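A.B. asks: give me a model of this one.
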Amino acid sequence: MNQADYAVPAPIGKLLSLLPVYPGSLLFVAALNLGLARHFPADVQSLLTDKKMRISVTDMQLTFLFQWTNNGFSACRDEDQVDLTITASAHDFLLLAQRKEDPDTLFFSRRLVMEGDTELGLLIKNTLDAIEAPMLDLRCLAPGRVFSLLKKSF
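C.D. replies: Numbers count the residues shown, from 1 in each chain. As a prediction, this is how the structure comes out:
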């Protein structure tokens with residue numbers, strides 16, 4: 001199977017592209033805060049503060065805008081002046097989250113694109129590499145935890 005076999009069908013991507021960015025970004029940061037925020041050391045949190053980041057999922061035509069503020073990620077409404085954009089397919093992001101693929105391999109095969117502040121991108125990559133726990137741990141999706149994180153994201 002090749003990469004195209006895993007792509008979200010174009011009609012679904014087109015439909016998803018009609019969704020507004022902000023509500024999706026709220027859900028995305030809730031997941032980030034649930035799975036990652038507690039693993040970020042204070043020095044990394046300090047370096048991430050007020051850095052605006054964008055995740056673009058090519059085949060789903062979705063964009064998530066967020067930044068680090070007050071010990072957690074928060075959604076952004078404004079797409080201007082993003083410090084870092086990371087772009088890949090939904091399948092490649094899933095492989096990264098499950099640690100089944102290395103970001104360097106995806107980057108050098110041009111399946112993962114990073115634009116903007118490359119130093120920030122390397123900080124994020126190295127921080128994620130240092131986390132020993134699985135990044136996509138579905139046990140942390142207990143309804144009560146998800147609801148409380150969604151409330152904090154507003």
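A.B. asks: report the central residue of this structure.
C.D. replies: By C-alpha atoms, centre = their mean, the chain has its centre lying nearest to I55, at 5.4 Å.
A.B. asks: can you list contacts of the one helix or strand that one maps to?
C.D. replies: I55 is located in strand 52-57, with elements delineated by DSSP states H and E. With C-beta atoms under 8 Å, 6 or more residues apart in numbering as the test, strand 52-57 has contacts from 28, 62-67, 76, 79, 81-90, 93, 120, 124. Every residue, glycine included, has its C-beta placed from N, CA and C.
A.B. asks: which non-adjacent residue is nearest A37?
C.D. replies: Setting aside the residues directly before and after it, A37 is nearest to G72 in space (C-beta to C-beta, 6 or more residues apart in numbering), at 4.9 Å.
A.B. asks: can you get me a residue count around that neighbour?
C.D. replies: Look at G72: counted by other C-beta atoms under 10 Å, it has 20 neighbours.
A.B. asks: just list whatever residues bridge to it.
C.D. replies: T69 (DSSP bridges).
A.B. asks: hmm, R38 and it touching each other?
C.D. replies: No. Counting by C-beta atoms under 8 Å, G72 stays clear of R38, with 9.3 Å between them.
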